[in-house]
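S.K.: only geometry, no sequence info:
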């Protein structure tokens, strides 16, 4: 009986551009789209290019799981229910895409964060929804 | 487009009015503005009402139900923190186009204590990504924008704090300000951090407020006043494509674009300004806008505050009102209030915070998402 329930349980990404391949050998990744006309690359899917206005369908790209810390802040006060302090950051990926994310694996103190420091993405379960599904989020941490 | 004059202003002290409905606050400001201009509802041909949190509640029409249902066209405007200044612009363009001779704009908001930390809505997974996948809330956005200035120009947390010290000092002379508390650099820097580098006193308080203005064609204005204040430009931009904007709101480029357009349209430059009211929702924001508005060169904003040049009495006073940091930031009211502050200084009606001899001033507002307005007023 317990097994049947486990089978029904799904794994869902917290945001639609986080791809969670079913093949366990394939790592989760962030999906992007690239304009075939000007090369501008976006996080997730887009209807048209914001930079050159091309409406030609975009090319799907698998974004790198390694990037550089662009900027950050240490959030000490947030909306009710959100644990603080934490590092809220903007990470630049080599494809020319920026990602909003948390930086984990360091104490949330400005002295532990350097502009341009290499970071890597990982995923973890952050929530179980009311149907029992696992909600998976991506986070970044200093690259090993 | 023809010339437009501002001939009346009214606002209530920003603060908390839990016993009032927001349209009552707005109606109070509207009555004050009409009284100041020497007009009645019979003279008003169009009303533009700015309100964000109750954008679907027809606040403009509710105002008229309090002060006079003349059946005129009413436009209800929502444009994030630029809601009030966009309503001002609706009234401006209505007159500038020649379609109307007299228009009123009223900005109002009732935020209570919820403030800018609300929202963050749930995603498809039934859980909000806020705080798990970075932060889209304003304190983090403007913290990061300040940190980017640190990265690019070596700006320090102390320099950002100095801006808050200045604005809180200015507020001591503004009876309309929600808070009037002078603070030392230590007070500001030792306060608890909200989102680094902004501490509590480097973040605008939330609250309620209303502000209203009467605009007229130049010809019409001369029937009501010998001293019409010219609105030299009413400029509105949105955020253009820039590399990180979709992830990290770029508050700089649309302000730079707006200031370029506004200076061209007004035929004045930053060097001609006697004072500036700019959108200091956070102390970090004010630093960025010194450069975005051309008050100093790129990367020189830190030196500008170090030299106290943006104090009243300095080379280019900024936020003589106390700024949003002290005055408060009731979203829909803010944009109109910033313009009124410039108006009062040009009229010589700014009391103890008066910038002596002010003839030309600029009011800047930015709403995240993004919208930027710049209005330049001149005697």
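M.R.: Arrived safely. Bear in mind the structure is a predicted one, so any value in this text is a computation, not a measurement.
S.K.: Can you tell me which residue is spatially central in chain B?
M.R.: residue B:335 (3.5 Å; C-alpha atoms, centre = their mean).
S.K.: And the residue of chain A that's closest to chain B?
M.R.: Nearest residue of chain A to chain B: residue A:73, at 3.2 Å (C-beta to the nearest C-beta). The C-beta positions use only the backbone N, C-alpha and C, and glycine is treated the same way.
S.K.: picking up where we left off before, which ones are touching the residue nearest to the centre of chain B?
M.R.: Contacts for residue B:335 were tallied using C-beta atoms under 8 Å, 6 or more residues apart in numbering or on different chains; they are B:50, B:81-88, B:107, B:363, B:365, B:373.
S.K.: Verify the stated contact: residue B:256 with residue B:292.
M.R.: Yes. Here residue B:256 reaches residue B:292: they are 5.0 Å apart, a contact under C-beta atoms under 8 Å.
S.K.: Name the residue in the two with the higher neighbour count.
M.R.: The neighbour comparison of residue B:256 against residue B:292 (other C-beta atoms under 10 Å in any protein chain shown) goes to residue B:292, with 24 against 17.
S.K.: Which residue, neighbours along the chain excluded, lies closest to the more buried one?
M.R.: Distance criterion C-beta to C-beta, 6 or more residues apart in numbering or on different chains; nearest residue to residue B:292, sequence neighbours excluded, is residue B:255 at 3.9 Å.
S.K.: And that neighbour, which helix or strand is it part of?
M.R.: If you go by DSSP states H and E, residue B:255 is part of helix B:253-266.
S.K.: And that helix, what's buried?
M.R.: Neighbour-count burial for helix B:253-266, counted by 16 or more other C-beta atoms under 10 Å in any protein chain shown, picks out B:253, B:254, B:255, B:256, B:257, B:258, B:259, B:261, B:262, B:263, B:266.
S.K.: quick one: the last one from chain A, how far?
M.R.: Distance of residue B:266 to chain A, computed by C-beta to the nearest C-beta, to the nearest Å: 30 Å.
S.K.: ok, now the fourth one?
M.R.: In this structure, residue B:256 and chain A are 18 Å apart, going by C-beta to the nearest C-beta.
S.K.: got a list of what that residue touches?
M.R.: Taking C-beta under 8 Å, 6+ apart as the test, what residue B:256 contacts is residue B:292.
S.K.: ok, now the second one?
M.R.: By C-beta under 8 Å, 6+ apart, residue B:254 lies in contact with B:237, B:238, B:239, B:240, B:366, B:370, B:371, B:372.
S.K.: The helix or strand where the fifth one lies pairs with which strands, and in what direction?
M.R.: Think residue B:366. Using DSSP H and E, residue B:366 maps to strand B:360-367. With DSSP bridges as the test, strand B:360-367 is paired with strand B:275-277 (parallel), strand B:371-378 (antiparallel).
S.K.: among those strands, which is nearest residue B:46?
M.R.: strand B:371-378 (17.9 Å; C-beta to C-beta).
S.K.: just the angle between the closest one and helix B:253-266, please?
M.R.: The directions of strand B:371-378 and helix B:253-266 differ by 30 degrees, with axes from the mean of the first three to the mean of the last three C-alpha atoms, to 10 degrees as the criterion.
S.K.: tell me the average confidence for strand B:371-378?
M.R.: The pLDDT scores in strand B:371-378 average 98.
S.K.: The chain: helices as residue ranges?
M.R.: Just so you know, I chose chain A. With helices called from DSSP state H, chain A shows them at A:2-8.
S.K.: The chain in question should be chain B.
M.R.: B:22-37, B:59-67, B:83-96, B:138-153, B:157-171, B:185-190, B:218-224, B:253-266, B:283-292, B:301-306, B:323-327, B:331-347.
S.K.: does stretch A:53-64 come close to chain B?
M.R.: No. Figure legend: stretch A:53-64 not in contact with chain B (C-beta under 8 Å from any C-beta of the partner chain); closest approach 9.3 Å.
S.K.: Residues contacting that stretch, please?
M.R.: A:19, A:29-38, A:41-43, A:45-49, A:93-95, A:97.
S.K.: just those that are near chain B?
M.R.: Among the contacts of stretch A:53-64, chain B is touched by A:42, A:43, A:97 when using C-beta under 8 Å from any C-beta.
S.K.: can you pick the most crowded of those?
M.R.: residue A:97 (26 neighbours).
S.K.: mind listing what the residue in the stretch 251-379 of chain B that chain A sits nearest to touches?
M.R.: Closest residue of the stretch 251-379 of chain B to chain A, C-beta to the nearest C-beta: residue B:284 (9.5 Å). Going by C-beta under 8 Å, 6+ apart, residue B:284 touches B:142, B:143, B:145, B:146, B:149, B:160, B:197, B:198, B:202.
S.K.: okay, these in CSV with neighbour count, distance to residue B:216 and pLDDT next?
M.R.: Putting these into CSV (neighbours: other C-beta atoms under 10 Å in any protein chain shown; distance: C-beta to C-beta, whole Å; pLDDT from 0 to 100) gives the following:
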residue, neighbour count, distance to residue B:216, pLDDT
B:142, 29, 37, 98
B:143, 30, 42, 98
B:145, 21, 38, 98
B:146, 28, 40, 98
B:149, 23, 41, 98
B:160, 29, 41, 98
B:197, 27, 44, 98
B:198, 28, 40, 98
B:202, 32, 39, 98
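S.K.: Chain A: which of the residues you listed is nearest?
M.R.: residue B:143 (3.2 Å).
S.K.: Give me the nearest residue to the residue nearest to the centre of chain B, chain neighbours excluded.
M.R.: Using C-beta to C-beta, 6+ apart, the nearest residue to residue B:335 is residue B:85, at 2.7 Å.
S.K.: List the contacts of that neighbour.
M.R.: Neighbours of residue B:85 in contact, by C-beta under 8 Å, 6+ apart: B:50, B:107, B:334, B:335, B:336, B:338, B:339, B:363, B:365, B:373, B:375.
S.K.: Can you give me the neighbour number for the fifth one?
M.R.: Residues near residue B:336, counting by other C-beta under 10 Å, number 35.
S.K.: And it, how close does it get to residue A:112?
M.R.: The gap separating residue B:336 from residue A:112 is 43 Å, by C-beta to C-beta, to the nearest Å.
S.K.: quick one, what contacts residue A:91?
M.R.: A:67, A:68, A:69, A:70, A:98, A:99, A:101, A:103, A:119, A:140.
S.K.: now it, which residues is it bridged with?
M.R.: residue A:69, residue A:99.
S.K.: roughly how far is stretch B:128-135 from the heart of the chain?
M.R.: 28 Å (C-alpha atoms, centre = their mean, to the nearest Å).
S.K.: That one near chain A anywhere?
M.R.: Yes. Judged by C-beta under 8 Å from any C-beta, stretch B:128-135 and chain A are in contact via B:129, B:130, B:131, B:132, B:133, B:134, B:135.
S.K.: Show the average pLDDT along that stretch.
M.R.: Rounded mean pLDDT across stretch B:128-135 is 95.
S.K.: Stretch B:163-175 now?
M.R.: Here the average pLDDT along stretch B:163-175 is 98.
S.K.: Going by neighbour count, which residues of it are buried?
M.R.: Result for stretch B:163-175 [16+ other C-beta under 10 Å]: buried residues B:163, B:164, B:165, B:166, B:167, B:168, B:169, B:170, B:171, B:173, B:174.
S.K.: And stretch B:308-328, by the same measure?
M.R.: B:309-312, B:316-328.
S.K.: thinking in terms of the whole chain, how far from its middle is it?
M.R.: 13 Å.
S.K.: Same check on stretch B:127-139?
M.R.: The answer for stretch B:127-139 is 25 Å, by C-alpha atoms, centre = their mean.
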